[in-house]
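# Show me how the following folds:
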Amino acid sequence: MNPIIRIIRWAQSRANAPRIAANPNPYGVHIRADLPYLDDGNPDHRLDVYSPLDSKAPLPVIVELHGGGYLSCFKEINAQHGQYLASKGFHVVNMNYTLCPEGSLSTILNELVDALTWVKAHGAEYSFDLSRLFLTGDSAGGHIVLLAAAIFTSGKFADFFGTRQPPVKIAGYAASCPEGSFDLKLLPKNLPSHMLWLILHRYTFDKALVQHSSYEYYMDENYPRIWYCSSPTDSLLYTHTRGMHEFMEARGFPHIYREYASRERKLDHVFNVLFPDYPESRQANDDMVAFFNECSDRP
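Okay, the predicted model is just below:
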């Protein structure tokens, strides 16, 4: 393995371990951990299910994908965020996936389909309301969700990525501080994240992959209405996420974009996921929930 990637993974795990250990269940939800969505013994193919306590009637479902620059992190990073969403009346399915470079975007997209297949198969067992099924992710996970929105809605680029269609319909898509564009000619201000993609993922000369992965190419008039957020103090991807909003706004693509700021603290990258108890994080996550509830009311 690339030693840079090994160091990144070690650093991410070490930095987040105290936060994860200190708050194993801050919102008092029911936790089912490390369930296999593929029965192959691979820890990358496990998920957690968070549910409100004593929930019996079918509830809507949110499937969540963690971030980490495609090459690091794990589902426990997002546990508190998923548990917060569960406390608002959802089942939350928080999934692992194969990291790059062991996997690829195609791998992750198909593993998302595998997880959705598991959700459908276990709908009755877990009281999943499959008519109200949503996807969310942050950073790189947000990018996967937004790319999936194009593939699952219109089939655009499905053949390029070799992505199967899920067996269930997705009612709404949301992302926190998402990655999204990798064409250096289009957004030169985002050089650090571009280089992370182009060098560590070994796609430096794969122009087709860069284009098929960038929102400027997969978003069109058929793209579904989405919700996403950022903060002007996001030191990593603010220009990415803001650029996506400006792109969609200029073309009249329906979407909801929110920015959150604070005078008391710096709201850095994926603030609402890593620190869901910040007042601004609660507002962002409640706004996401409101969007999902609105999607539930749409025909």
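# pretty sure Leu236 is touching Pro178, no?
No: counting by Cβ atoms under 8 Å, no contact exists between Leu236 and Pro178, whose distance comes to 11.1 Å. (C-beta placed from N, C-alpha, C; glycine too.)
# secondary structure element for Tyr173?
Secondary-structure assignment from DSSP states H and E places Tyr173 in strand 172-176.
# could you dump that strand to CSV, C-alpha only?
Listed in CSV are the C-alpha atoms of strand 172-176, where the atom choice follows Å, rounded to 0.1, in the frame of the first residue of the first chain:
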residue,chain,number,x,y,z
GLY,A,172,-34.3,12.1,-1.7
TYR,A,173,-30.6,12.9,-1.7
ALA,A,174,-28.5,15.1,0.6
ALA,A,175,-24.8,15.8,1.2
SER,A,176,-22.7,17.6,3.7
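# Could you list every helix and strand in contact with it?
Packed against strand 172-176 by the contact rule (3 or more Cβ pairs under 8 Å, 6 or more residues apart in numbering; DSSP states H and E) you find strand 128-138, helix 140-154, strand 226-230, helix 279-297.
# possible to save those as JSON lines with distance to Arg19?
Shown next, in JSON lines, are these (distance: least, Cβ to Cβ, whole Å):
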{"stretch": "strand 128-138", "distance to Arg19": "15"}
{"stretch": "helix 140-154", "distance to Arg19": "18"}
{"stretch": "strand 226-230", "distance to Arg19": "21"}
{"stretch": "helix 279-297", "distance to Arg19": "13"}
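# can you list those in TSV and add distance to Lys207, mean neighbour count and mean pLDDT?
Formatted as TSV, the entries for the helices and strands packed on strand 172-176 read as follows, by distance: least, Cβ to Cβ, whole Å; neighbours: other Cβ atoms under 10 Å; pLDDT from 0 to 100:
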stretch	distance to Lys207	mean neighbour count	mean pLDDT
strand 128-138	25	24	98
helix 140-154	17	25	97
strand 226-230	26	26	98
helix 279-297	34	18	96
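# right, and those - which one's nearest Val210?
Closest to Val210 of the helices and strands packed on strand 172-176 is helix 140-154 (Cβ to Cβ; 12.6 Å).
# circling back: any residues in contact with both of Leu236 and Pro178?
Contact with both Leu236 and Pro178 is made by residues Ser139, according to Cβ atoms under 8 Å, 6 or more residues apart in numbering.
# Quick one: name whatever helix or strand follows the lowest-mean-pLDDT helix or strand in the chain.
Counting by mean pLDDT, DSSP states H and E, the weakest-scoring helix or strand in the chain turns out to be helix 191-200, with a mean of 54. Using DSSP H and E, the helix or strand that directly follows helix 191-200 along the chain is helix 207-212.
# Surely Asn16 and Lys75 touch.
No: Asn16 is beyond contact range of Lys75, at 11.6 Å (criterion: Cβ under 8 Å).
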